[in-house]
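In: A predicted structure for the sequence below; I have some questions about it.
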Amino acid sequence: MPRVQPGPRKGRQPTESDAPPGSWEGRARLWIAIDGHNALGSGKVKLLEAIAAHRSLSAAAKQLRMSYRLAWKHLKLIEERTGIAVVEPRRGGASGGGSALTPQGKALLEAYHGFRREMDEHVAAACRRHFGRWFPSS
């Protein structure tokens, strides 16, 4: 069981020695919901990033340790819920098949990353504002 540090006594200003040990940071889970249904979150973003890196749905699924069928299902959900074609499959041949993100898929990924960065900044600022008295500024 973790040891709880006692807080400052009533009527006394908190000191640095009253601060719980460790580095404090605010965190938030973030996803985009459309009509109440999850359309894009960290897992689906990781899938899109892996497809962009490997240019293959199969290789992306392997990297993420998920079945090809589940990866395909996630792609279909993204496309159905957003109305955006995010992946363009290419048929096999001498060099084999593959998948690539469409320009709209790349734009969707960039928009999510921008949204994520902005939200992380807001969460960090809110954490400092609300909990800063318990941890020293860095």
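Out: Sure thing, it's come through. Numbers count the residues shown, from 1 in each chain.

In: from the chain's centre, how far out does the helix or strand harbouring residue 78 sit?
Out: In the assignment (DSSP states H and E), residue 78 maps to helix 68-82. Taking CA atoms, centre = their mean, to the nearest Å, one finds helix 68-82 lying 17 Å from the centre of the chain it belongs to.

In: go ahead and name everything in contact with it.
Out: 34-35, 37-40, 43-44, 47-48, 57-58, 60-61, 64, 84-87, 108 (CB atoms under 8 Å, 6 or more residues apart in numbering). Yep, even glycine has a C-beta here, placed from its N, CA and C like the rest.

In: next SSE downstream of that helix?
Out: Per DSSP H and E, the first helix or strand lying C-terminal to helix 68-82 is strand 87-90.

In: so which elements touch whichever helix or strand comes after that following strand?
Out: Downstream of strand 87-90, the next assigned helix or strand under DSSP H and E is strand 98-101. Contacts defined by 3 or more CB pairs under 8 Å, 6 or more residues apart in numbering; DSSP states H and E place strand 98-101 against helix 42-54, strand 87-90.

In: show me how far the top helix by length along the chain is from its chain's centre.
Out: Counting by DSSP state H, the longest helix found in the chain is helix 103-131. Counting by CA atoms, centre = their mean, helix 103-131 is centred 9 Å from the centre of its parent chain.

In: give me the average confidence score over the helix holding residue 78.
Out: Average pLDDT, helix 68-82: 96.
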